[in-house]
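Colleague: Give me a 3D structure for the following:
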Amino acid sequence: MSECQLEVDRASFASRMKAVFQTWLHHPASVASVCPSSSVLTEQIADRESVRQASLVVDLGPATGETSVALLKHMKSNGKLLAVEKMLEFIAPLSEIQDDRLIVHHGDAGDLGSILRTHALGRPDVIVSGVPFSTMDEASGRRIVAAVHEHLRDGGRFLAYQVRDEVAQLATPLFGSPMVEKVHLNVPPLTIYTWTKSSTG
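Modeller: Coordinates of the predicted model:
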């Protein structure tokens, strides 16, 4: 797999920036930021052993695909990446990523179980989430976290990169206390919360 196949065309950055900004203007509660994620953030998410060893990674709310590209860069050649994006405006930029390991699905993260079944996929080893828990209603947030907990394999990792700590309040009762990493070189600065699902649930 060449670097060219994994990189989103640099010339498309302006169009991706425009897509994020315009979607944020129309759906501010559904988009966490007014610009795409920084490479510092996406590398901190993707450059880890759990991603390198994963057979299946799920990317929830990847927007225009910066996290997806970083995950593909670090994943093994026979792995699969399922990108689940609710906003229709982001499906075209995601679909521009040329990699046979990537499956793009337009849908709601709360429907993770049925989405996995639709694509005949098993339990993910890693689930990454950029969905904005801080701006959605609590019931929707609980539904997404419950779906992640139910379908993530035992010993799997759940990573959520967020502006505020609502996801920690929702996920800690199910997963336990998270590991917390601050990422300042992003607009806005974010926190990465990481949980490991225990074999006892």
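Colleague: So, low pLDDT: which residues of the chain?
Modeller: 1-36, 201 (pLDDT under 70).
Colleague: Please repeat the previous calculation with a cut-off of 90.
Modeller: Within the chain, the segments meeting pLDDT under 90 span 1-38, 64, 89-90, 92-93, 96, 135, 186-188, 199-201.
Colleague: for this protein, what spans make up the helices?
Modeller: For the chain, the helices defined by DSSP state H cover 3-6, 13-26, 39-46, 49-53, 66-74, 91-95, 112-118, 138-151, 166-175.
Colleague: what's the closest non-adjacent residue to Arg142?
Modeller: Leu170 (5.8 Å; CB to CB, 6 or more residues apart in numbering). (Each C-beta comes from the backbone N, C-alpha and C, glycine too.)
Colleague: re earlier: just put the helices of the chain in a markdown table and tack on mean neighbour count.
Modeller: Formatted as a markdown table, the helices of the chain follow (neighbours: other CB atoms under 10 Å):
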| stretch | mean neighbour count |
| --- | --- |
| helix 3-6 | 12 |
| helix 13-26 | 15 |
| helix 39-46 | 20 |
| helix 49-53 | 15 |
| helix 66-74 | 24 |
| helix 91-95 | 17 |
| helix 112-118 | 16 |
| helix 138-151 | 18 |
| helix 166-175 | 18 |
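Colleague: Out of those, flag the one nearest Glu181.
Modeller: Nearest to Glu181 among these is helix 39-46; the distance by CB to CB comes to 6.7 Å.
Colleague: The residue nearest to Arg142 reaches Met136, doesn't it?
Modeller: No. Leu170 lies out of contact with Met136 (CB atoms under 8 Å); the separation is 10.3 Å.
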